[in-house]
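> When you get a sec, could you give me coordinates for this:
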Amino acid sequence: MIFNDIISNADIIQAWNETIELRLTTFVATCILLLYLTDLICRKAIVPLANKITRRTSSKWDDILLNSDVLTNIFRIFPPIIMLALLPHMFGQDSTIYFWSAKVIEIYITAISIKLSFAILNALYDISNQNQRLKNRTLKGVFQMFKIIAICVGAIIIISIVIDKNPSNVLTGLGAMAAVLMLVFKDPIMGLVAGVQLSANDMLRPGDWITLPKHDADGEVVEVTLTTVKVQNWDKTITTIPPYALVSESFQNWRGMFDSGGRRIKRSIYIDMNSISFCTPEQQKRFGDRGWLKGLEEHDESIVNLTVLRNYLDIYLRSNKRVNQDMTLMIRQLQPTAQGLPLELYFFSANTAWVAYEHLQADIFEHIIAMLPEFGLKVFQNPAGRDLNGLIARE
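Below is the predicted model:
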């Protein structure tokens, strides 16, 4: 009798185990089928339909926001939600399988939600780059900070699921670790604050030319992230700078020069003071015939050749189409030095491009040097070996 009871109980246990195995197999197969069908419907039907609808609209933001990455992650959330609803009917709520399966599904839902938030943030960042007012703002670091926040929230939820505690209790426990977290995330936090300041004050944009000698940076800003600002120097090397360095230290941004439409040329040529003299009557007649005395009518008969040169250079620059005529233009003398009298040209080129700017500067000063003998003037130059040899030969 006892032997028959043992056999009967063994049969019951075996039958129960077979039922559990069957239910578990059915549940796993259902999960796989749901995931496959959802992914198939999303890729073959939902995404093409959404793309077709968004292409018909005139705006571009819906094309970016409803991209395949966002839609795929949205539809990946539905299968685990359905599984979580079916789980109590497949297994009892008191069973161990239900307990652990529910935890795994909830963790999966949290992970997919984080991926979805990443996809939405990426889409919003792309939309901001399409906006004329926002595309020049340094918003990449802000979006990166939102991603870090999403990861932290997701991690707290996952920990609370694993230890079966309320997320608020986990947050309370993490409060004691605030100092450690501040130390670990010091650079991202400082980068976020600096990024907000740079963006709010419009201090820096991708594409700006900046110079920061302390960090050997002299070039174009190619990327602004949460923790670094990448500058491609003119020698094609890359310099990385922490964003807070641009807030705590001074740097030079050349954007204003490009926006103004003129690039300053401020260079001096040193005149040998021994060559400065009053113009002879023949020189005055020649200068007058060439129109170089225009504007000097108020001068008396004693006109200095350097005065005529300054007047000529003013006429020459104001007739040059490559010089910006709407900005400051003047030819002035500086304090005399042992190397001669500095004659400074102060004006702006109409083209701010580097190569065009250098060509204009070279053309103008080559022209000045070539024209000096016409006014009886000489450029000061320290004696060279050839000059000394000539002096010895004459002696």
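> ok now do residue 382, which residues does it touch?
Shown in contact with residue 382 (C-beta atoms under 8 Å, 6 or more residues apart in numbering): residue 339. (Each C-beta comes from the backbone N, C-alpha and C, glycine too.)
> What mean pLDDT does the helix or strand that contains residue 308 get?
Following DSSP states H and E, the helix or strand that holds residue 308 is helix 305-318. The average pLDDT within helix 305-318 is 94.
> got the phi/psi numbers for the spatially closest residue to residue 262 that is not a sequence neighbour?
Of all residues not flanking residue 262 in the chain, residue 348 sits nearest, at 3.3 Å (C-beta to C-beta, 6 or more residues apart in numbering). Taking degrees, to the nearest 10, you get phi -130, psi 140 for the backbone angles of residue 348.
> So residue 348 versus residue 261, what's the distance?
Distance of residue 348 to residue 261, given as C-beta to C-beta, to the nearest Å: 8 Å.
> more crowded one of the two?
Shown here are residue 348 and residue 261; by other C-beta atoms under 10 Å, residue 348 has more neighbours (21 against 14).
> for that one, what are its contacts?
For residue 348, the contact set (C-beta under 8 Å, 6+ apart) comprises 260, 262, 263, 264, 265, 323, 324, 327, 328, 329.
> So which of those residues are in strands?
263, 264, 265 (DSSP state E).
> out of those residues, which are buried?
Listed as buried from the ones in strands among the contacts of residue 348 are 263, 264, 265; burial here means 16 or more other C-beta atoms under 10 Å.
> Okay, and the beta partners of the first one?
The reference is to residue 263. Counting by DSSP bridges, residue 263 is bridged to residue 349.
> Identify the residues contacting stretch 205-215?
Stretch 205-215 has contacts (C-beta under 8 Å, 6+ apart) with 136-138, 204, 217-224, 231, 239, 241, 245-246, 249, 251-255, 258.
> Recalculate using a threshold of 7 Å.
With contacts defined as C-beta atoms under 7 Å, 6 or more residues apart in numbering, stretch 205-215 is touched by 136, 138, 217-224, 231, 239, 241, 245, 249, 251-255.
> Which ones among the residues you listed lie within strands?
Members of the contacts of stretch 205-215 lying in strands (criterion: DSSP E): 217-224, 231, 239, 241, 252-253.
> Return the item of those having minimum pLDDT.
Among those, residue 224 has the lowest pLDDT, at 81.
> For the closest residue to residue 252 other than its chain neighbours, pull up the helix or strand it's in.
Nearest residue to residue 252, sequence neighbours excluded (C-beta to C-beta, 6+ apart): residue 211, at 4.5 Å. Using DSSP H and E, residue 211 sits in strand 209-212.
> got it, and residue 291?
According to DSSP H and E, residue 291 maps onto no helix or strand at all.
> can you give me the helices in the stretch 51-200 of the chain?
Ranges of helices in the stretch 51-200 of the chain, per DSSP state H, counting those that start in this stretch, are 61-65, 68-90, 96-130, 140-163, 167-175, 178-184, 186-200.
> re earlier: ok, of the buried ones among the ones in strands among the contacts of residue 348, which one's closest to residue 356?
residue 263 (9.0 Å; C-beta to C-beta).
> From residue 202, how far out is that closest one?
Per C-beta to C-beta, residue 263 is found 21 Å from residue 202.
> Ok, residue 344 next?
Remark: distance between residue 344 and residue 202 (C-beta to C-beta) = 33 Å.
> possible to save the buried ones among the ones in strands among the contacts of residue 348 as a markdown table with distance to residue 156 and pLDDT?
A markdown table is the format used below for these (distance: C-beta to C-beta, whole Å; pLDDT from 0 to 100):
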| residue | distance to residue 156 | pLDDT |
| --- | --- | --- |
| 263 | 53 | 91 |
| 264 | 55 | 92 |
| 265 | 60 | 93 |
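> related to what we said a few turns ago, buried residues, the strand holding residue 211. List them.
Those would be 209, 210, 212, for strand 209-212 by 16+ other C-beta under 10 Å.
> what do you get for stretch 312-322?
Using 16+ other C-beta under 10 Å as the burial criterion, the residues of stretch 312-322 that qualify are 312, 313, 314, 316, 317, 320.
> possible to save the residues you listed as CSV with distance to residue 284?
Compiled in CSV, the buried residues of stretch 312-322 are given as follows (distance: C-beta to C-beta, whole Å):
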residue, distance to residue 284
312, 13
313, 18
314, 18
316, 19
317, 23
320, 25
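> nearest to residue 381, of those?
Nearest to residue 381 among the buried residues of stretch 312-322 is residue 313, at 20.0 Å by C-beta to C-beta.
> how far away is that closest one from residue 296?
13 Å.
> related to what we said a few turns ago, tell me which two of the ones in strands among the contacts of stretch 205-215 sit farthest apart.
Among the ones in strands among the contacts of stretch 205-215, the pair separated by the greatest distance (C-beta to C-beta) is 223 and 252, at 19.3 Å.
> For residue 101, which non-adjacent residue is closest in space?
Here the residue nearest residue 101, using C-beta to C-beta, 6+ apart, is residue 87, at 5.8 Å.
> how about the one you found, what does it touch?
For residue 87, the contacting residues are 98, 101, 102, by C-beta under 7 Å, 6+ apart.
> Report how many residues lie close to residue 232.
Counted by other C-beta under 10 Å, the residues lying close to residue 232 total 15.
> Is it bridged to anything, and to what?
Using DSSP bridges, the bridge partners assigned to residue 232 are residue 220, residue 238.
> unless I'm mixing things up, it is touching residue 223, no?
No. Contact criterion C-beta atoms under 7 Å: residue 232 and residue 223 do not qualify, at 9.3 Å.
> returning to that earlier point: roughly how far apart are the residue nearest to residue 262 and residue 366?
On the measure of C-beta to C-beta, residue 348 and residue 366 end up 19 Å apart.
> same question, residue 335
On the measure of C-beta to C-beta, residue 335 and residue 366 end up 26 Å apart.
> In terms of neighbours, single out the busier of these two.
A count of neighbours by other C-beta under 10 Å puts residue 366 above the other of residue 335 and residue 366, at 10 against 6.
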